[in-house]
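Student: Can you look at this prediction? I've put the sequence above it.
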Amino acid sequence: MKIKNRILPFIILLFVFAAAYAEAGDDITVRARVDRRSITIGDRILFTIDLRAPRATEIQMPLFSDNMIGEFEIKDSTSKTAASLFGKKRYSYRYHITAYTTGKRDIPQLDIKYKPKGSKDWLIKNTVAIPIDVLTVLPKELPADIKDIKGPASYFELNWIIIAGTLFGLGVLIAAIIIFIRIRSRKPIRLPHETALEELEAARSQLINSGDVKEYFVGVSDCVRRYIERVFTLKAPEMTSEEFLNSMRDSAALVLWHKDLLKGFMNACDLVKFAKYKPTGQETENLHVTAVKFVTETKETK
């Protein structure tokens with residue numbers, strides 16, 4: 001036991017001298033890291049560059065044009081420095097970044113310039129490229145058990161028979177004209193889901209004619225919001241997506257499957273309406289199918 005107590009201080013001193021030797025070098029060390037390697041579109045990654053260099057060393061970080069690191073947009077950035085016990089300074093540069101295109105994307109290799117004390121020339125240290133998987137929030141496959149869309153209810157126009165006769169002709173003709181005008185002025189009573197399905201089909205026809213995908217996503221989102229307002233008496237058109245989803249979270253009117261479907265639908269629409277995401281043709285078609293499925297499966301809720 002006494003031998004161990006005597007050896008322990010020597011071991012501690014050995015580690016201290018080793019750390020001091022590592023810190024005392026003239027070179028710098030650079031390390032790049034992320035908090036995760038897989039995100040969905042619009043999520044943020046924490047990208048950090050850590051440097052350790054002698055205190056007199058000048059450091060020059062890369063300049064990011066258009067606030068972009070490769071294909072990733074910088075949303076926020078911070079930096080801090082700290083002095084170590086053995087003559088070096090520690091630098092930490094933190095970037096919150098995001099991407100709006102799906103697939104495998106790389107945070108590119110970056111050049112960190114530095115100039116040791118007394119040197120006139122800049123030297124370069126490189127970070128390594130970091131691969132990131134960017135996933136879509138739109139449905140990857142068409143929802144199952146899609147039912148056929150019922151056509152709008154038709155109404156019958158009355159065919160009036162003009163009763164011939166000299167005595168009753170004038171009176172019957174005037175009455176028939178008055179009744180006909182009143183019937184034509186009446187609009188058939190339409191159910192909320194019938195109106196919503198017609199609006200969804202009209203939005204798709206407009207997309208085919210104009211090709212404006214963003215306008216189409218806005219139209220589909222507004223249609224579903226109006227439908228929810230009519231059926232569930234929620235002021236959906238006046239709420240943000242976050243407010244609306246929070247209001248529906250504890251609602252017993254929808255089952256969990258419909259809440260999840262609606263959450264994915266709203267997030268997908270917001271990405272196109274407010275972010276820079278450009279969906280594929282298949283994703284656009286899947287959005288239409290998802291909206292139709294939600295309307296047809298919730299029409300009997302109330």
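Tutor: On my side now, so go ahead.

Student: so Phe47 touches Arg36, yeah?
Tutor: No: between Phe47 and Arg36 no contact is recorded; they are 10.4 Å apart, counting by CB atoms under 8 Å. (Each C-beta comes from the backbone N, C-alpha and C, glycine too.)

Student: of these two, who's got more company?
Tutor: A direct count of neighbours by other CB atoms under 10 Å for Phe47 and Arg36 places Phe47 higher, at 23 against 11.

Student: residues near Gly171, how many?
Tutor: With other CB under 10 Å as criterion, Gly171 counts 11.

Student: what kind of secondary structure is it in?
Tutor: helix (DSSP: H, G, I helix; E, B strand; the rest coil).

Student: Can you tell me how far it is from Thr81?
Tutor: Computed as CB to CB, to the nearest Å, the Gly171 to Thr81 distance reads 99 Å.

Student: now swap in Thr284 and tell me
Tutor: Using CB to CB, we find Thr284 at a distance of 48 Å from Thr81.

Student: Alpha carbons only: can I get whichever strand or helix holds Lys75 in PDB?
Tutor: Lys75 is part of strand 72-83, with elements assigned from DSSP states H and E. Taking C-alpha atoms only, strand 72-83 is exported to PDB below (Å, rounded to 0.1, in the frame of the first residue of the first chain):
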ATOM      1  CA  PHE A  72     -26.000  24.100 -46.200                       C
ATOM      2  CA  GLU A  73     -27.500  27.500 -45.100                       C
ATOM      3  CA  ILE A  74     -26.100  29.100 -41.900                       C
ATOM      4  CA  LYS A  75     -28.900  30.000 -39.600                       C
ATOM      5  CA  ASP A  76     -26.800  31.100 -36.600                       C
ATOM      6  CA  SER A  77     -23.200  31.200 -35.500                       C
ATOM      7  CA  THR A  78     -21.200  31.800 -32.400                       C
ATOM      8  CA  SER A  79     -17.500  31.600 -31.300                       C
ATOM      9  CA  LYS A  80     -15.500  31.500 -28.200                       C
ATOM     10  CA  THR A  81     -11.800  31.300 -27.100                       C
ATOM     11  CA  ALA A  82     -10.200  30.000 -23.900                       C
ATOM     12  CA  ALA A  83      -6.600  29.800 -22.700                       C
END
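
Student: List the buried residues for the host helix or strand of Ile49?
Tutor: For Ile49, the host element (DSSP H and E) is strand 45-54. By 16 or more other CB atoms under 10 Å, the buried positions in strand 45-54 come out as Ile45, Phe47, Ile49, Leu51, Arg52, Ala53, Pro54.

Student: Now do it against strand 72-83: the angle between them, please.
Tutor: Interaxial angle, strand 45-54 versus strand 72-83 (axes from the mean of the first three to the mean of the last three CA atoms, to 10 degrees): 30 degrees.

Student: So which residues lie in contact with strand 45-54, not counting its own?
Tutor: With contact meaning CB atoms under 8 Å, 6 or more residues apart in numbering, strand 45-54 is reached by 23, 25-26, 28-36, 39, 59, 61, 69, 72, 84, 87-98, 107, 110, 112, 114, 116-117, 125, 127, 130, 132.

Student: about what we covered before: more crowded one of Thr284 and Thr81?
Tutor: It is Thr284, of Thr284 and Thr81, that has more neighbours when counted by other CB under 10 Å, with 19 against 12.

Student: What number of neighbouring residues does the closest residue to the more buried one other than its chain neighbours come out with?
Tutor: Among residues not flanking Thr284 along the chain, Val213 sits closest, at 6.2 Å (CB to CB, 6 or more residues apart in numbering). Neighbours of Val213 under the rule other CB under 10 Å: 17.
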